[in-house]
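Visitor: Take this sequence and fold it.
(chains A and B)
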Amino acid sequence: MASEDSTINSLVERASEGDRRSVARLLTLVERGGVSAEIIAEATHPLAGKSHVIGITGAPGAGKSTLTASLARDLAESDHTPAVLAVDPSSPLTGGAILGDRVRMEEATEAGAFIRSMATRGHAGGLALAVPGMVRVFDAFGFNPVIIETVGVGQVEVDVASAADTVVVVVTSGWGDAVQANKAGLLEIADLFVVNKADRPGANDARRDLELMIDLSQVTGQAVRRPEIVMTTATEGKGLNELKEAVSEHHQFLIQEDQMSLRRSKRWKAEVRSRLEYLLSEFSKESIDNLEENQESSPSSVANDLAKNLLKKDELG
Amino acid sequence: MTKNEPIRIVLAKLGLDGHDRGLKVVARMLRDAGMEVVYLGLRQTAEMIVTAVEQEDADVVGISMHNAGHLTLAPLIVNALRDAGLDVPVVVGGIVPESDLEAMAKAGVAGVLGPGASAEDVAACVREAVATRGK
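Guide: The predicted structure follows:
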């Protein structure tokens, strides 16, 4: 433990001096979780909070990687030091993953962006614990903005992307009619919509459906600020400036309207909650493993006793 | 690294070698063996591979070669990683004549896989390379 501490301390020191390899190593340790991740969280928390965190999500094949890549490249070329955390699913059968985002991010990498690929890995809630920690590492060592890119399919993936300051949801033409739009929770988290592949037929219909949906949510008072819709053809570079503008305008809005602190406090609570849920699930796993079966007691009374015991604990683990 | 963490491998083809079907098959094999494959695809340079290994904190690099450039290019990658201070083994797959195997080993290539390699062979070769890392 003491050696772990000193290894991490020296990594943090070198990362502060701009050593990217140390940043990469810290990311690995946070992703693995456990004691090291906690030590790193303690070390990076006081340093973080300065970066604009952007979440980009949407259906598979909508063009998220290409858009993320162009955004990151543009930012890197205009005196920013962006980092991208590109999350791809692990195979539920083998635990392996093919992380292909770097293929589209060559120019962004050359321009100086830090790209990190990440697999969702199997463990329950792992992503919800690891991603905020990894974003904090980027934030603490001067990467700004930090872009999280996830496929908007699983709830955890959506949650992870929505724990950002600015949430961009990417759709394409033919993604569904207005009814679908209302159903999909994905669309409710958006601060900004991108209709990508705008050169295809149906792109304007997609835009109209989105406008309609936004109108409705304005009526029901859900949205604080009407989400902007940006039309892009990412492969041809069309609409990318507008996207960059829209992201930056949303950032300004957050700062000027005092929305940033609100978002951050929501995010902080969400992370405390993920962590607490993780600890509780570990505790219940352990309790069940050590449980002496006595079928004469009712399951609920046994669970109540275990919970009472937990609440009396003064140390974790 | 701890045993239960998946191996992270950077997979690429170099320069003007457009045969990426094999690379895709290998990516799939490694994924099915439980590894995390950071896929770079075609037309990579030594510099791009070094950057990817660095940012992804990868354990091993896999290079696919089908243009007879292996005697030049494989050592180039091995040296580029070494010069960058990265202790990361390189595994080469593709068409490598048997007479070149010794030269490849001398150049520091950790393993060579030919066209007949099975999915098991591929995964075993990568695991072996990672296990002997830094030795």
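Visitor: Can you name the residue of the stretch 1-150 of chain A nearest to chain B?
Guide: In the stretch 1-150 of chain A, the residue that lies nearest chain B is A:Gly96 (3.7 Å; CB to the nearest CB). The C-beta positions use only the backbone N, C-alpha and C, and glycine is treated the same way.
Visitor: The residue nearest to that residue when sequence neighbours are not counted and A:Gly18: what is the separation?
Guide: Among residues not flanking A:Gly96 along the chain, B:Arg31 sits closest, at 3.7 Å (CB to CB, 6 or more residues apart in numbering or on different chains). To A:Gly18, B:Arg31 is 34 Å away according to CB to CB, to the nearest Å.
Visitor: Just want to know which of the two has more residues nearby.
Guide: Using other CB atoms under 10 Å in any protein chain shown as the criterion, B:Arg31 and A:Gly18 rank with B:Arg31 on top: 24 against 11.
Visitor: Show the contacting residues for that one.
Guide: For B:Arg31, the contacting residues are A:91, A:94, A:96-98, B:37, by CB atoms under 8 Å, 6 or more residues apart in numbering or on different chains.
Visitor: Now intersect the residues you listed with the helices, please.
Guide: Among the contacts of B:Arg31, no member is found in helices (DSSP state H).
Visitor: out of the residues you listed, who has the most neighbours?
Guide: B:Val37 (29 neighbours).
Visitor: Out of the contacts of B:Arg31, flag the one nearest to B:Ala58.
Guide: B:Val37 (9.9 Å; CB to CB).
Visitor: before we move on, what SS does the residue nearest to A:Gly96 have?
Guide: Three-state assignment for B:Arg31 (DSSP: H, G, I helix; E, B strand; the rest coil): helix.
Visitor: Can you give me the distance of it to A:Leu93?
Guide: Going from B:Arg31 to A:Leu93 by CB to CB gives 10 Å.
Visitor: do A:Leu26 as well
Guide: With distances taken as CB to CB, A:Leu26 is found 30 Å from A:Leu93.
Visitor: Then A:Arg226?
Guide: Distance of A:Arg226 to A:Leu93, computed by CB to CB: 43 Å.
Visitor: for residue 81, what are its contacts?
Guide: With no chain named, the answer covers chain A. A:112-114, A:142-144 are the contacts of A:Thr81 under CB under 8 Å, 6+ apart.
Visitor: ah, I was thinking of chain B
Guide: Counting by CB under 8 Å, 6+ apart, B:Leu81 makes contact with B:49-50, B:53, B:61, B:88, B:90.
Visitor: farthest-separated two in those residues?
Guide: Within those, B:Val50 and B:Val90 form the most distant pair, 11.4 Å apart (CB to CB).
Visitor: So between these two, which is more surrounded?
Guide: Set B:Val50 next to B:Val90 and count neighbours by other CB under 10 Å: B:Val90 wins out with 26 against 20.
Visitor: looking at chain A, which helix or strand is least sure?
Guide: Lowest on mean pLDDT, DSSP states H and E among the helices and strands of chain A sits helix A:178-183, with a mean of 50.
Visitor: how far does the lengthiest strand in chain B sit from the chain's center?
Guide: When chain B is parsed with DSSP state E, its longest strand is strand B:36-44. Centroid separation for strand B:36-44 versus its chain: 10 Å, with CA atoms, centre = their mean, to the nearest Å.
Visitor: Out of the contacts of B:Leu81, the closest to chain A would be?
Guide: For the contacts of B:Leu81, the nearest to chain A is B:Val53 (9.0 Å; CB to the nearest CB).
Visitor: Let me know the helix or strand that the closest one is in.
Guide: Using DSSP states H and E, B:Val53 maps to helix B:46-56.
Visitor: Can you point out the buried residues in that helix?
Guide: B:46, B:48-56 (16 or more other CB atoms under 10 Å in any protein chain shown).
Visitor: Show me what it is packed against.
Guide: Applying 3 or more CB pairs under 8 Å, 6 or more residues apart in numbering or on different chains; DSSP states H and E, we find helix B:46-56 packed against helix A:20-32, helix A:106-110, strand A:114-119, strand B:8-14, strand B:36-44, strand B:60-65, helix B:70-83.
Visitor: Nearest to A:Ser265, out of those?
Guide: Among those, helix A:20-32 comes nearest to A:Ser265, with 22.1 Å by CB to CB.
Visitor: Check whether that closest one comes near chain B.
Guide: Yes - legend: contact between helix A:20-32 and chain B by CB under 8 Å from any CB of the partner chain is shown at A:20-21, A:24-25, A:27-28, A:32.
Visitor: which of those has the most neighbours?
Guide: A:Leu27 (26 neighbours).
Visitor: Spit out the contact partners of that one.
Guide: A:116, A:134, A:137-138, B:57.
Visitor: and what of B:His70?
Guide: Taking CB under 8 Å, 6+ apart as the test, what B:His70 contacts is B:92, B:94, B:96, B:100, B:104.
Visitor: The residue of chain B found nearest chain A and B:Ile7, how far apart?
Guide: Closest residue of chain B to chain A, CB to the nearest CB: B:Arg31 (3.7 Å). The gap separating B:Arg31 from B:Ile7 is 11 Å, by CB to CB.
Visitor: Check A:Val170 too.
Guide: 31 Å.
Visitor: And B:Gly85, by the same measure?
Guide: Taking CB to CB, one finds B:Gly85 at 21 Å from B:Ile7.
Visitor: All set, thanks.
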